[in-house]
Structures are given as structure tokens and as C-alpha cells.
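J.: I would like to see how this sequence folds:
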Amino acid sequence: MPSRAPVHQVTLLYGNQQYPLDRRAQQITDSVLGEEDQDFTYHRFDAADLLRPAAAEAVSSRLDALQIACESMPLLGNRYLVRIDHVERVKLPARAVLSLTRRLGELAVRQMTWDGATVWVLEEQILPGDEPGGRLPLQKWVSAVTARSGGGATIALAEDADEAQFLVSSRGSRHVMGLKPFLRTVLKGNFTFAGDEADATGQPAPSNAAVRLHGLLERNIERPQPECRLLLTAAAVRESDISKPLLKLIKKHGEIEKFVTYDDYEPVDWVLSEARERSLALSREGAEILIHYVGNDLGRLAQELEKLSLFFPPGARPQTSALLEALHAAHTGSVFLINDKLSERDLAGALEVIGQFLAVNANEYPVLVGVLARHFRQLYTVHSLSQRGVSDSDLASRLKVHPFIAKKISLQAARFTPNELEHIIQNLAGMDRSTRFHAHLAPVILRDFVQAVCAGAFRHGKMALPLR
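T.: The predicted structure is shown next:
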């Protein structure tokens, strides 16, 4: 176990490979906290949860908990670590929302009596002779400021907002008004109120919490407590997916580590190393076969290696046939079998595989689409290489797969025409978008696609998807 704390107090880990990212996060945590009891010195938050829409009090309570965790030394321990996941969700809102939120934060009102009624007046409008009482920020009566479709902002008022009365000075006289006209008087910019007819089509996203959370992170990245280590993680492929101001501060005051892989990544050496850790003597061709069936997600590969280590005794070197048998035995409903079933145009078998996979991995439709797209692109590539005169013996090296796999792919490709494969790939591109934006229709879209492939419907052209 590492004993030396990281050089920097702030570390950002980002990427699309959660398994190595989590392992690195654990190494940093162990390095900072050592073998001490972590009940009081380790705090973990999820930005997605912190920003989840809720009553203003609930959101404020979550952010208060994060602030206390970052800025308060625990009773036990001489250092502590705060981990915040999904920081890619922490974005400053649109300029109109940000300006309005800041303006609300600057305004405060004082309570006083006017014509026998309790009213509130802006501090700058208190006149000599007034007897103001308690002070409150104007934000007390605002539950959220949100972005409005088409531009501008929407203000959602708190439940007790209708009861408040405000005293306004105008043209040498003073008069009382409700909150909405008062806000229209003191605030500038393009905004409406939630529930108004003009905003009925808007799809607002809470922004007050995002502004506060962004500011809290900025402050603790730039000036962290001496005993605190801040560990940030993000599910992002590019740095540009993360807030630019936060990224700039992290680069200045901390360190960044990337865990990103791409579609053509073949982690053969990584698989061999992980296999050795599990006393499994995989050959290089065995690692290539495993990657072909499982994909290049390191977390999934680690799971498969864990299961294979139970099939074979320590130190065993499984042959190709034994490895394939073990893979199929362990994964009756594994996602890679969908490729075999569709290549055989086995409708019942393909639907069964999908059902079994989703029963364990609910809503992972992007994974299914990605696996299918990779497979059909390989089949299309086989046709392209064959037209260029590439021999069967060279096919494996061109596809960067084991010869056993290349032969299997070649046989599967022969069951489809190039035009049919081109239409399938085009359809999968549309499916990827549709299943992400309309997840509730994903089962129907996927089932229709499988039926079309098995029926040969793509031989004549691209299918029309239910949604674009």
C-alpha cells in the first residue's frame, strides 16, 4: 500500500474507463489516509446527486454538507480526503441566468411596518425616520433560477412568496406591491416566472445549485484547507467536457490524470497482466479472443478474467477451444453472443440474448448499439478488403484479430451483401441517437432492428427509424 501522499492537494481523474479510474482513485485515497479508520476522514459526493432537482431547502442542505466536508477538519485524523464524482455535470448556467442569480445574491431587504402592515424594503431605499427590522436576502423568496428555452431565464418562486409585500420608492412617493412586480422593478434582463403562459413550453434546468456548487469547487481548488485532499472524477473523454474555469484552476493548483480509450484500442498487454494477477496463464491469442468477445472496456474485461479464473486452476494455460467453451458457458446471455445470432439470422436467439443481457444490465442500450456497430463495421471491412484482393491469410493482420476470429468474421460477412451492411451501419448510427434521447422507446427500436436484420430487410435500403 502506498504511504506517500500525492504531491498536489487537488487531483482530477477523467476518462471513459471507470475500472482503472476507480483503482487509481483508491490508490490516492489509501496514500492520503493510510491505514487509519476512514469513517471520519473520507467523504464522497456525487455532483449529479448534488444538482438533482428538489426543494430549495433540500438542495441547500446537500451543498452545506459538501462545504462542511471540504472546509472542516474532522475530530479524528490529521488529514482528510473529499471525493466528488461526475464533476463534468458542474457547469455554469447561461449568461442570463448567471447574471440574474448574482444580482439576486447582491440584494437584501429589511422588514418594517407601513400603514399598519408588515412590508419589506430594499436596504438602499430606507429613508431617515424608518425603523427597519430584520435583514433577509431577496433569494429567500426565490426557489430557483433556470434557463428558458429560446433564451433568457425563468424564476421559480418559493411557496410563501405570494404573502410577501414590498415597499417601493418611485417619483417621490412610496407604494406597496407583491413579489412579482417588485422583482420586475428591481431586476434587469430577459426573464419570466415559472407557470406563466409565456414560459409554458420551457424545459428549465436548476441553476442556483450549479452556481453555488461551481463557486464552492473554485474556492476549494484554489485555496484548499491545508489538511484536505480534493479528489475529483469525471466521466468525460475530452477536457473540453469539463467546466473551463474549473479545469484552468485544477491545472494551476493540482494535477490531471486521463483514463481514455477509443474504439480501436486493443488492451492485450493489460489483459495478460491482469490475468497473471489472477494466476491465469492466458496466451496472447487467448487475450485477443477475450477482447474480441467482450470488447475493450477494462471493467468488463476484469469481470471476465475473474470468472475465467474460477473455471481454470491456478497456472493453467487454456487452449482456444477451452477458452471459448468457458466464455460461452459463463455468458449465456452475454452481449457478444448477439453478433453470432444476428449473423446466423436467428431471431429467437438474438431476442433471447438481448433479454438476458438487459435483465442484468438494465438500460445499457448504448452498449448494445456500440457492440453491434463494431461487429457490422468489421463485416463490411471484410468485403472491402476482399475486393482489394487481400488473401484470407492476411485478413487477420488487417483486421488486427486472431486468425481464428478472422476466419469466423469472414464466414459471417459472406452472409451479407456490402450494400446490406452499409444500410445496417447507417441505421445503427441513427439508433445510437434515438436510444440515447428516447430511452423509453429503446426496446421497440432495438427489437425492430433485430427483426429487420434477420428478415433481410436491409438488402433493399435503409429502414426508417421511429424517431430521429
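J.: so where is the stretch 1-150 of the chain shaky, pLDDT-wise?
T.: Scanning the stretch 1-150 of the chain with the threshold set as pLDDT under 70 gives 1-7, 36, 77, 93-94, 149-150.
J.: 90 instead?
T.: 1-8, 16-19, 30-41, 48, 51-61, 71-79, 90-108, 114-117, 123-150 (pLDDT under 90).
J.: ok, which stretches of the stretch 51-200 of the chain are helices?
T.: Applying DSSP state H, counting those that start in this stretch to the stretch 51-200 of the chain gives helices spanning 56-71, 95-106, 179-186.
J.: Nearest approach to Thr118 belongs to which of the ones you listed?
T.: Thr118 lies closest to helix 179-186 among these, at 14.0 Å (CB to CB). From N, CA and C alone the C-beta is placed, and that goes for glycine too.
J.: Strands of the stretch 201-350 of the chain, residue ranges please.
T.: All strands of the stretch 201-350 of the chain, identified by DSSP state E, counting those that start in this stretch, fall at 228-234, 255-259.
J.: picking that back up, how about a markdown table for the helices of the stretch 51-200 of the chain, with distance to Leu247 added?
T.: Formatted as a markdown table, the helices of the stretch 51-200 of the chain follow (distance: least, CB to CB, whole Å):
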| stretch | distance to Leu247 |
| --- | --- |
| helix 56-71 | 19 |
| helix 95-106 | 18 |
| helix 179-186 | 34 |
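J.: So which of the strands of the stretch 201-350 of the chain is the most surrounded?
T.: When these are scored by mean count of other CB atoms under 10 Å, the highest mean neighbour count falls to strand 228-234 (a mean of 24).
J.: any idea how far that strand is from the chain center?
T.: For strand 228-234, the gap between its own C-alpha mean and the chain's C-alpha mean amounts to 16 Å (CA atoms, centre = their mean, to the nearest Å).
J.: got it, and stretch 84-91?
T.: Going by CA atoms, centre = their mean, where stretch 84-91 is centred and where its chain is centred differ by 8 Å.
J.: For it, C-alpha coordinates in CSV please.
T.: Output in CSV follows, covering the C-alpha atoms of stretch 84-91 (Å, rounded to 0.1, in the frame of the first residue of the first chain):
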residue,chain,number,x,y,z
ILE,A,84,-16.5,14.3,-5.8
ASP,A,85,-17.7,12.2,-8.8
HIS,A,86,-19.2,13.4,-12.1
VAL,A,87,-17.7,16.9,-12.0
GLU,A,88,-18.5,17.1,-15.7
ARG,A,89,-22.0,17.9,-14.6
VAL,A,90,-20.9,21.1,-12.8
LYS,A,91,-21.4,23.8,-15.4
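J.: which residues are contacting that stretch?
T.: Stretch 84-91 is contacted from outside by 12, 14, 44-48, 51, 66, 210, 213-214, 217, 230-236, 241-243, 246, using CB atoms under 8 Å, 6 or more residues apart in numbering.
J.: Equivalent analysis for stretch 60-72, please.
T.: Contacts to stretch 60-72, defined as CB under 8 Å, 6+ apart, come from residues 43, 45, 49-50, 82, 84, 209, 212-213, 216, 220, 224-225, 228, 230.
J.: which of those are buried?
T.: Taking 16 or more other CB atoms under 10 Å as the criterion, what is buried in those is 43, 45, 50, 82, 84, 209, 212-213, 216, 220, 224-225, 228, 230.
J.: Cool, thanks, talk later.
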